[in-house]
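S.K.: Sequence first, predicted coordinates after that:
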Amino acid sequence: MASKIKKIGLLTAGGDCPGLNAVIRAATRAALNNGIEVIGYKFGYKGLYLNDFEELTKARVSGIQHLGGTILYSSNKDNLFEYDVEIDGKTVMKDVSDVAIKNMKKENVDALIIIGGDGTLTSARDFARKGVKVIGVPKTIDNDLAVTDVTFGFNSAINVARDALDRLHTTAESHHRIMILEVMGRNAGWIALHSGIAGSADVILIPEIPYDIKKIAARIKEREKRGKLFSIIAVAEGAIPVGGDVVVSKIVKDSPDPIRLGGIGNVLAIQLEDLIQKHEVRATILGHLQRGGSPSTFDRILATRYGVKAIELLLDKRYGNMVTINGDSMSYEHLENIIGRPKNVNPEGELVKTARSIGITFGD
Ligand code: F6P
């Protein structure tokens with residue numbers, strides 16, 4: 001018979017997002033209430049490798065629900081299955097996952113709660129394959145993880161983006177300008193689509209629907225004819241022109257997912273100003289503002305549900321699973337069925353159709 005879980009380790013890895021602390025708090029409280037000790041590894045998998053952790057008590061997780069970021073810190077670079085180590089003065093890539101497992105044994109840690117996105121959960125799956133008792137909790141502002149309807153952090157991010165669009169609206173109208181807001185989301189258009197609809201954008205550009213710049217210009221001119229001398233464009237950082245490619249801002253070499261998107265807002269501004277000579281076109285890149293700050297009410301509740309469900313799965317010995325939400329039900333799915341299956345906006349879906357019905361153009 002499998003032995004009872006007495007002690008667990010939590011870690012947060014990948015890009016941070018609002019709600020991480022709410023998950024840490026909820027999972028810690030639920031675990032402690034079930035007689036399970038909790039430690040938190042620092043800086044994601046790096047802490048597991050270096051055995052760098054702190055004890056999580058009720059006092060330690062008190063007063064953190066409303067805080068953005070993560071009290072455990074995070075890193076999106078440390079993949080312990082392909083880890084940069086120095087041997088004889090040279091940096092070589094090595095699988096150091098056994099060091100992590102030894103560290104767990106040394107501290108009597110029976111299981112891990114791993115909170116992260118696609119890259120982080122890939123390693124969670126790999127640890128599960130090695131027999132480590134793991135529960136995954138999905139996290140990303142991008143909302144691009146398969147199997148779960150919504151990830152915490154997304155709602156907070158779209159609130160920030162919607163607020164930015166509201167603010168751009170008033171200044172765009174005052175100056176008769178075309179204002180472009182570039183939002184995050186990697187290769188998924190969820191943030192642009194949701195914030196664009198809520199923020200009354202005239203044009204929404206998402207990776208799932210390649211755009212034609214001439215069609216965007218035509219829409220702006222058509223608005224002009226109706227006396228609307230300003231326009232608002234919400235563009236996802238991963239949006240692509242028909243037959244073209246994404247705009248890359250940076251390559252982070254030691255990251256499992258090295259491509260950082262960004263810059264399409266400025267590219268569009270230059271191209272559009274050429275086509276629409278009457279108006280100035282300005283771009284704002286919202287960037288990491290979407291990831292910082294307090295989680296929304298929705299995200300605090302969602303994160304709490306994710307954290308509590310993670311402990312429930314542990315108590316039920318459902319190791320190797322990730323917590324999910326489907327409709328209003330918390331559930332789970334095996335980590336093997338999640339990795340490498342991004343969730344994208346359906347170009348034929350109800351939300352895109354709704355946007356089109358009220359006159360929003362996707363530049364196609
Ligand atoms: O996945 C979350 C996210 O914020 C993406 O929307 C964005 O493309 C990326 O992370 C930015 O990563 P970094 O924090 O490394 O710049």
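M.R.: Alright, I've got the coordinates. All values reported here derive from a predicted model rather than from experimental measurement.

S.K.: and the residue in the stretch 151-300 of the chain that the ligand sits nearest to, how many neighbours?
M.R.: For the stretch 151-300 of the chain, the residue closest to the ligand is residue 184, as judged by C-beta to the nearest ligand atom, at 3.1 Å. In short, each C-beta sits where N, CA and C put it, glycine included. By the criterion of other C-beta atoms under 10 Å, residue 184 has 27 neighbours.

S.K.: And it, how far from residue 261?
M.R.: Distance, residue 184 to residue 261, by C-beta to C-beta, to the nearest Å: 8 Å.

S.K.: So which bits of the stretch 201-350 of the chain are right by the ligand?
M.R.: Contact residues, the stretch 201-350 of the chain versus the ligand (C-beta under 6 Å from any ligand atom): 237, 260, 261, 291.

S.K.: Throw these into CSV and include pLDDT and neighbour count, thanks.
M.R.: Shown next, in CSV, are these (pLDDT from 0 to 100; neighbours: other C-beta atoms under 10 Å):
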residue, pLDDT, neighbour count
237, 98, 28
260, 95, 14
261, 97, 20
291, 97, 20
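
S.K.: Return the closest of those with respect to residue 41.
M.R.: Nearest to residue 41 among these, counting by C-beta to C-beta, is residue 291 at 20.9 Å.

S.K.: Please tell me I have it right and the closest one contacts residue 20.
M.R.: No: the criterion here is C-beta atoms under 8 Å, and residue 291 misses it with residue 20 at 10.2 Å.

S.K.: what's the overlap in contacts for these two?
M.R.: Residues touching both residue 291 and residue 20 (C-beta atoms under 8 Å, 6 or more residues apart in numbering): residue 153.

S.K.: For the nearest residue to residue 259 once chain neighbours are set aside, give me the pLDDT.
M.R.: Take residue 259 and drop its neighbours on the chain: the residue closest to it by C-beta to C-beta, 6 or more residues apart in numbering is residue 248, 5.8 Å away. On pLDDT, residue 248 comes in at 97.

S.K.: what's the spacing between residue 248 and residue 210?
M.R.: Distance of residue 248 to residue 210, computed by C-beta to C-beta: 17 Å.

S.K.: Got the domain ranges for this structure?
M.R.: Residue ranges for the domains of the chain, per automatic domain parsing: 7-152+295-327, 157-291+346-357.

S.K.: okay if I get the ones you listed as JSON lines plus distance to residue 338?
M.R.: As requested, the domains of the chain are exported to JSON lines (distance: least, C-beta to C-beta, whole Å):
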{"stretch": "domain 7-152+295-327", "distance to residue 338": "5"}
{"stretch": "domain 157-291+346-357", "distance to residue 338": "15"}
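
S.K.: closest one to residue 335 among those domains?
M.R.: Among the domains of the chain, domain 7-152+295-327 comes nearest to residue 335, with 3.9 Å by C-beta to C-beta.

S.K.: Retrieve the pLDDT associated with the spatially most central residue of the chain.
M.R.: By C-alpha atoms, centre = their mean, the chain has its centre lying nearest to residue 140, at 2.0 Å. Turning to residue 140, the model gives it a pLDDT of 96.

S.K.: What are the neighbouring residues in contact with residue 136?
M.R.: Going by C-beta under 8 Å, 6+ apart, residue 136 touches 114, 115, 116, 121, 124, 125, 321, 322, 323, 335, 338.

S.K.: Which helix or strand contains it?
M.R.: Take DSSP states H and E as the rule and residue 136 turns out to sit in strand 133-138.

S.K.: Show me what the following helix or strand past that strand is packed against.
M.R.: Using DSSP H and E, the helix or strand that directly follows strand 133-138 along the chain is helix 154-175. The contact analysis (3 or more C-beta pairs under 8 Å, 6 or more residues apart in numbering; DSSP states H and E) places helix 154-175 against strand 178-183, helix 190-198, strand 231-236, helix 297-315.
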